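Participant: when you get a sec, could you give me coordinates for this:
(2 chains)
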Protein chains: 2
Amino acid sequence: MNIIITGGAGFLGQRLAKALLQQQQIAFDRLTLADVIVPTSPLADERVHCVQADLGDQAAVQALVTPDTGLIYHLAAIVSSHAEADFDLGVRVNIDATRYLLEAARHQAPGCRFVFSSSLAVFGGELPEVIQDHTAVCPQSSYGMEKSVGELLVNDYARKGFVDGRVLRLPTISVRPGKPNKAASSFASGIIREPLQGEESVCPVALSLPMWLSSPATVVENFVRAAQVPAEAFGASRTVNLPGITVTVQEMIDALRRVAGDPVCDRIRYEEDEAVSRIVASWPGRFNISRAQGLGFVQDADFDSVIRRFIADDMEGTKQ
Amino acid sequence: MNIIITGGAGFLGQRLAKALLQQQQIAFDRLTLADVIVPTSPLADERVHCVQADLGDQAAVQALVTPDTGLIYHLAAIVSSHAEADFDLGVRVNIDATRYLLEAARHQAPGCRFVFSSSLAVFGGELPEVIQDHTAVCPQSSYGMEKSVGELLVNDYARKGFVDGRVLRLPTISVRPGKPNKAASSFASGIIREPLQGEESVCPVALSLPMWLSSPATVVENFVRAAQVPAEAFGASRTVNLPGITVTVQEMIDALRRVAGDPVCDRIRYEEDEAVSRIVASWPGRFNISRAQGLGFVQDADFDSVIRRFIADDMEGTKQ
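Facilitator: This next block holds a predicted model:
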C-alpha cells in the first residue's frame, strides 16, 4: 500500500511522515511525500518517495495517485493570512487542489482513506460559549471558507463511497518549531519559540484572548489515529473537532514564565495587529470534545508540558 | 440597472420575473432571463431580455454579466435526485456555475446584490427537534452539499465586498404547477396537483413525515424582499432559513380532503420509494424563523389556503 502526504515538505507533513515510518499499526510499503517544493525524507527509509508537484495542476495530481494508494493525508494548503491576502490563490489551492485530489482518488484508488486537515477557522461570527459537534460553521476568513468547502466535499465523497473520508478540524498548533509563517496564528508559536531562542517576538492580540491549542506531537498522533477509526464509527458526519486545550494568551505567557523564567518572557513585545486580531479573535476558544475522545482522539495535558516538550524535542533539533 | 435571473425559464424564475415586473420598490430598466433553454417572457414588457446560456461555460457567464448589473438572482440548479444520480453534472452546475457567476459579478459588476437560492437540503444527519440559525449543515445528498458550498462562497464574496450576497434556504415548495421534476421533493406538489387535475399520483414517503413547506407565491415574495434587506441587517452570516410551515404528509392530504373532497384524495396511491424517502426524510421539518421574520421575510398562513390559492391561480393557468 502507498500512503500519500500532500504538504509533505511542511512542518506537519514531515512530522507525520516520521511518525508513520516509526509506527506498526498501519502497514505500508511506500510513503509518498508531495509538495510544491521537493520534500526531503525525515528518516533514511527506502519506503519514502519524494515528489515535487503543484496540486493546482490537475494532471500533476492525477499522476500522484497510484492505484495502490490506500491512504491520503491532504495537508497542503495556503494558510490563513496568505489566503486572505491572495483570494484567488487560496481558492486555487484550498478548493481546486482538494477537488483534484478527491477526483483522482475516486477514479484511480476508489475507496481509499482520505484524511483532510481542516481547522477551527471554519468557525466565527456569533459563537456559543462552547463549540458543539452540531455548531454551524460561519467562517470569517477565506481560509475558513475554503476549509469548510473541503469538509463538505470530503463528506460527500465519503457518503457516495468514492473515498473513505475523515476530516480533522485542527486547533491552533503551538509550539511550532522553525520560522514564523503567514498563518494569522503564527504568533501563538512565535511568542513561545522566539523568546526561548533568545529573540524578540511580537504579541499582536489581546492577552485575554482564549486560544484552542494542540501541540504538534498530539496533532500528529491524532492524524495517525484518524486513519484507524472504523468508518462506521463516524455516523452521519466524517468531520471531527479535534481535542485541544483552552489557554488564554496571558496563560500561555504565564506558562512560559514558569518553565523558562522572567528574562525569557521579557523578550515579548505587545503591539496589536488589527488584521491578525480580527481573524484570530473570530475563532472559538472552547469545544466539547466528547465525540472526538469517543473516537479515540487524544489531548495535551496542559500548556506547561507542551512548552517543556518543545524545549526537549525541538530546540535540540534546531541546534543540530 | 440590469437584473439577471438564472434559471429564468424555470417555474420559480418565471414567477419571480413576473413579480419583479409588477412591483415598484426595485427600479430597473432591464430584466435578463438566462437559462440553458431560451426563456420566454412571462409578460409583454420591453425591459425583458431572454438569453440562452449554459452556466457551466465560463465564457457564457462572463458575457451575461454586464457592468450595469445591480442584482443577480441565481436560481439555476440541478435538482436533488438528478444531482444524486449524476454527481459530475451536479458539481458542474451547482458549484462551478455558481463560482463562474460570482467571479463575473466580482470583476464586471462589483458590489452587485447577489441572491442565492439554497435549500433545506443542506441539513441532515442527527437533527435537533427545531433547526436554529446556528445549526450545522450536514447534507445527506450531493445537492445539499453543493448548495452548502454555494452558501459558503456567497458569504465569503460578501465578506470580501466582491458582491452584496444574500442566501435564502428555501423550504420545499408546494404546490408547484406543471409537471413532476427530478427533485426528490417533487411528490410534495404531485400529491396535491395531480389529484386536483383528475390524475393519479404516487406518495413515495411515510404519511407521518413532517415537511417544511412554502407556497410559490410566498417564496417569490421573499425573493423580492431579499433584494431590499439592508446589508448590515444580516450580521456575520448572509444565510437565512426562510419561513415555512410544518405539515406532515398526512396533514397535507387532510387539507386536500377539506378543500377538494374524498374523490380527489382517492387518486393518491401509496408506494414507498426508498431512494426518495431516504433523501426527503433526512431533511428537517421544523425551524426557528425569528431571525428571518426580523429581516422581513414572510410565511404562509396554513396549507389549506396554499391549496386554495393553487386552485385559484394555477389551475386556471393550466387551462389557458
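Participant: element containing A:Phe162?
Facilitator: In the assignment (DSSP states H and E), A:Phe162 maps to no helix and no strand.
Participant: ok, it - how many residues close by?
Facilitator: For A:Phe162, the count of nearby residues is 21 (other C-beta atoms under 10 Å in any protein chain shown). To be clear about C-beta, it is placed using only N, CA and C from the backbone, and glycine gets the same treatment.
Participant: that one and A:Ala109 touch, don't they?
Facilitator: No - if you go by C-beta atoms under 8 Å, A:Phe162 and A:Ala109 don't touch, sitting 10.1 Å apart.
Participant: show me the contacts for the nearest residue to A:Ala184 once chain neighbours are set aside.
Facilitator: Leaving aside its chain neighbours, A:Ala184 sits nearest to A:Ile279 (4.0 Å; criterion: C-beta to C-beta, 6 or more residues apart in numbering or on different chains). A:Ile279 sits next to A:80-81, A:84, A:121, A:140-141, A:184 when contact means C-beta atoms under 8 Å, 6 or more residues apart in numbering or on different chains.
Participant: from A:Thr135, how far out is A:Ile279?
Facilitator: Distance of A:Ile279 to A:Thr135, computed by C-beta to C-beta, to the nearest Å: 19 Å.
Participant: state the three-state secondary structure for A:Leu33.
Facilitator: In terms of secondary structure, A:Leu33 is strand; the call rests on DSSP: H, G, I helix; E, B strand; the rest coil.
Participant: can you report how many residues lie near it?
Facilitator: When neighbours are defined as other C-beta under 10 Å, A:Leu33 has 27 of them.
Participant: chain A: helices as residue ranges?
Facilitator: Taking DSSP state H as the test, the helices found in chain A are A:11-22, A:58-64, A:80-85, A:87-91, A:97-108, A:142-159, A:187-196, A:216-226, A:249-260, A:262-265, A:274-281, A:290-294, A:303-309, A:316-319.
Participant: run through who's touching the first one.
Facilitator: Residues external to helix A:11-22 that are found in contact with it (C-beta under 8 Å, 6+ apart): A:3, A:5-8, A:26, A:28, A:31, A:33, A:35, A:39, A:41-43, A:45, A:47-48, A:73, A:75-76, A:117, A:173, A:176-178, A:216-217, A:219-221, A:223-224.
Participant: equivalent analysis for the third one, please.
Facilitator: Here helix A:80-85 makes contact (C-beta under 8 Å, 6+ apart) with A:77, A:89-90, A:94, A:119, A:121, A:141-144, A:146, A:182-186, A:275-276, A:279.
Participant: likewise for the fourth one?
Facilitator: For helix A:87-91, the external contacting residues (C-beta under 8 Å, 6+ apart) are A:78, A:82-84, A:142-143, A:146, B:160.
Participant: make it 10 Å
Facilitator: Contacts with helix A:87-91, where a contact means C-beta atoms under 10 Å, 6 or more residues apart in numbering or on different chains, come from A:56, A:77-80, A:82-84, A:97, A:141-143, A:145-146, A:149, B:99, B:103, B:106, B:153, B:156-157, B:160, B:162.
Participant: mind checking which of the residues you listed are buried?
Facilitator: Those of those that meet the buried threshold are A:56, A:77-80, A:82-84, A:97, A:141-143, A:145-146, A:149, B:99, B:103, B:106, B:153, B:156-157, B:162, by 16 or more other C-beta atoms under 10 Å in any protein chain shown.
Participant: name the residues of stretch A:126-138 that are buried.
Facilitator: The neighbour-count check on stretch A:126-138 (16+ other C-beta under 10 Å) flags A:127, A:131, A:133-138 as buried.
Participant: which two in those residues are spaced the farthest apart?
Facilitator: Largest separation among the buried residues of stretch A:126-138 by C-beta to C-beta: A:Asp133 and A:Cys138, giving 15.3 Å.
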